[in-house]
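**Student:** let me see the structure of the following:
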Amino acid sequence: MTATYVIEGREVTSLDRFWQVIGEAVNGPGGYFGTNLDAFADCLSGGFGTPDDADFVIEWRDHEASRRALGHAETVRQLRLRRDRAHPANRTAVQARIDRAAAGQGPTVFDWLVEIIEEKAPGRLRLE
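**Tutor:** Presented below is the predicted three-dimensional model:
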């Protein structure tokens, strides 16, 4: 039997809110399914609420609302947080990514999430 995990796109207003929405979609109220990109990728690999031996689908409804909320402005915000925690030798590279995102260029947070889902759970994402 295929499990369907539904993300209501209008509820995703930031990356922090995405972690809450996906956690609850997969594991119920207060559920966990990652709180950073690496943990999310690990969760998609199985053993953290996704069925180990069954199919699942992530149905991202009204994904365009999420795409807007997780666009370049949110990307800049996330990259600034990353820059502030980065080793000094890496800050210039992160700043270059911030500059691109601030100019409306390059991948967004939404793109990062879709890429992770497609890599770790190929064919299991439905954008609606």
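**Student:** domains for this protein, by residue range?
**Tutor:** The record's domain parsing of the chain by automatic domain parsing lists 1-71+108-128, 72-107.
**Student:** least confident of the ones you listed, on average?
**Tutor:** Mean pLDDT per stretch puts domain 1-71+108-128 lowest among the domains of the chain, at a mean of 92.
**Student:** endpoints of that domain, how far apart?
**Tutor:** Separation of the first and last residues of domain 1-71+108-128 by C-alpha to C-alpha, to the nearest Å is 21 Å.
**Student:** for that domain, what is the distance to the chain centroid?
**Tutor:** 6 Å (C-alpha atoms, centre = their mean, to the nearest Å).
**Student:** going forward can the numbers begin at 14, since that is how I track them
**Tutor:** With 14 as the first residue, the last one maps to domain 14-84+121-141.
**Student:** host element of residue 73?
**Tutor:** Counting by DSSP states H and E, the element that carries residue 73 is strand 69-74.
**Student:** which stretches in the protein count as strands?
**Tutor:** Secondary structure of the chain (DSSP state E): strands located at 16-21, 69-74, 138-140.
**Student:** dump these to JSON lines, plus mean neighbour count.
**Tutor:** Heads up, the C-betas are built off the backbone N, CA and C, glycines and all. Conversion of those to JSON lines gives the following (neighbours: other C-beta atoms under 10 Å):
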{"stretch": "strand 16-21", "mean neighbour count": "17"}
{"stretch": "strand 69-74", "mean neighbour count": "18"}
{"stretch": "strand 138-140", "mean neighbour count": "16"}
